[in-house]
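Q: okay, predicted coordinates and the sequence, questions at the end:
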Amino acid sequence: MRWGLIGASRIASSYVIDAIRVQPGLEIQSVLSSDASRGEAFARDNNIPDSYTDLDALLADDSIGAVYISTTNEKHHPQALAAIAAGKHVLCEKPLGMTLVEAVEMVRAAEDKGVVFATNHHLRNAGSHLAIRDLIASGRIGKVLSARVFHAVNLPEHLRGWRINDASAGGGVIPDITVHDADTIRFHLAEDPIDVIAKAGTSGMGEGVEDSVMSVWSMPSGAMVQTHESFTHGFAGTGIEFHGTDGSIFARNVMTQEPVGTVKLVDANGETDVAYDTHNLYHRALGLFAGAVAGSGRPSADGADGVKSLAVALAVREAARSGKAVDVDYGGF
Ligand code: NDP
């Protein structure tokens, strides 16, 4: 199957082009950029035959079976709808859209057209997270009482740009990082937050968008979730913890794109280091996507997962704005 890349982005060149190419039978045919010379340079640098500035022209290529959308966030919705209408399978970056209505429309359109639609939530593909999920699902820590995510990083200089100064492009730490944490918590607990409270603000980087946020979520099981996301914390380190009636899981440096970090189980028997598989996160995601297109299995994070992670992130933003608890609206999913 041939792919078209919608967006001459860093995430495509850093991770996803390679992840497509390692899959048997997948190749990349084209890239879309809003700037002809940037698109041509991107195509040349990444050995991609065709570059376009016109989305319809890229989509008119019948040899393209799937597209990967990694433009800035406000473009995901119109580009995904066009790709779906053209009958292409879609792997879309998070957040799926700027609003819940947009995200729901994208996923429903894909269902109606019968194409595979997935969200590129990479964390649930990490061996560390798969090991954590297995510990929780197999009851090793008993009933989960609470979880804590700390995902406050120092956003590298080269990633700043629209993320820190352009609300209309979907900037801000909530659409950038909270949305991943929402997906990760949903993945581990197999349930969706009911309501959230939050505080957000700027702490040195955001220009017109929040660069830091803390929130607390209530889960249907009664578990409580505490999160912290930021662009401005150089030395905090990342991690995720789950505390249950029979044990706790402490994972450090695992909220990352690389297969690194540590996972520790603490229970009545003491502390145990948990081994996990160190495969490439994006390779796994693309493998599962290709499998789903071939009719076997499902993507690691599908469209509904993308809608729900966005729904939680939007609720966090609204709770921070209003100062009130906000029920999470999943748009019928
Ligand atoms: P980039 O800023 O690298 O790219 C986004 C867009 O910016 C591109 O589509 C491109 O537009 C434009 N652009 C790229 N380079 C330049 C430049 N030098 N000058 C002007 N414009 C430029 O974004 P990211 O790769 O960081 O993020 C893209 C999407 O992927 C976002 O939705 C983000 O949330 C998501 N993401 C997901 C990750 C994950 O692991 N799941 C990790 C990182 C990002 P054009 O295409 O028109 O040339």
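A: Structure received.
Q: up against the ligand, what does the stretch 201-333 of the chain have?
A: residue 257 (C-beta under 6 Å from any ligand atom). To be clear about C-beta, it is placed using only N, CA and C from the backbone, and glycine gets the same treatment.
Q: go on, the stretch 51-200 of the chain?
A: Listed as neighbours of the ligand in the stretch 51-200 of the chain under the rule C-beta under 6 Å from any ligand atom: 70-73, 93-94, 120, 122, 159, 161, 176.
Q: of those, buried ones?
A: Among those, the ones that count as buried by 16 or more other C-beta atoms under 10 Å are 70-73, 93-94, 120, 122, 176.
Q: now, those residues that are in strands?
A: Among these, DSSP state E puts none in strands.
Q: what's the farthest-apart pair in the residues of the stretch 51-200 of the chain next to the ligand?
A: Spatial extent of these (C-beta to C-beta) is set by the pair 122 and 161 at 20.4 Å.
Q: which stretches of the stretch 101-250 of the chain form helices?
A: 127-137, 162-165, 173, 179-189 (DSSP state H, counting those that start in this stretch).
Q: mind saving the C-alpha coords of stretch 70-81 as PDB?
A: Taking Å, rounded to 0.1, in the frame of the first residue of the first chain, the C-alpha atoms of stretch 70-81 are listed here in PDB:
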ATOM      1  CA  SER A  70       0.400  15.600  10.800                       C
ATOM      2  CA  THR A  71      -0.200  19.200  10.000                       C
ATOM      3  CA  THR A  72      -1.000  21.700  12.800                       C
ATOM      4  CA  ASN A  73      -4.100  20.900  14.700                       C
ATOM      5  CA  GLU A  74      -6.600  23.200  13.000                       C
ATOM      6  CA  LYS A  75      -6.000  21.500   9.600                       C
ATOM      7  CA  HIS A  76      -6.700  17.900  10.700                       C
ATOM      8  CA  HIS A  77     -10.500  18.100  10.400                       C
ATOM      9  CA  PRO A  78     -10.800  19.400   6.800                       C
ATOM     10  CA  GLN A  79      -7.900  17.300   5.600                       C
ATOM     11  CA  ALA A  80      -9.300  14.100   7.200                       C
ATOM     12  CA  LEU A  81     -12.700  14.700   5.800                       C
END
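Q: any residues touching it, and which ones?
A: Contact partners of stretch 70-81, identified using C-beta atoms under 8 Å, 6 or more residues apart in numbering, comprise 5-7, 9, 11-12, 16, 55, 67, 69, 90, 92-93, 95-98, 102-103, 105-106, 109-110, 117, 120, 162, 166, 168-170, 175.
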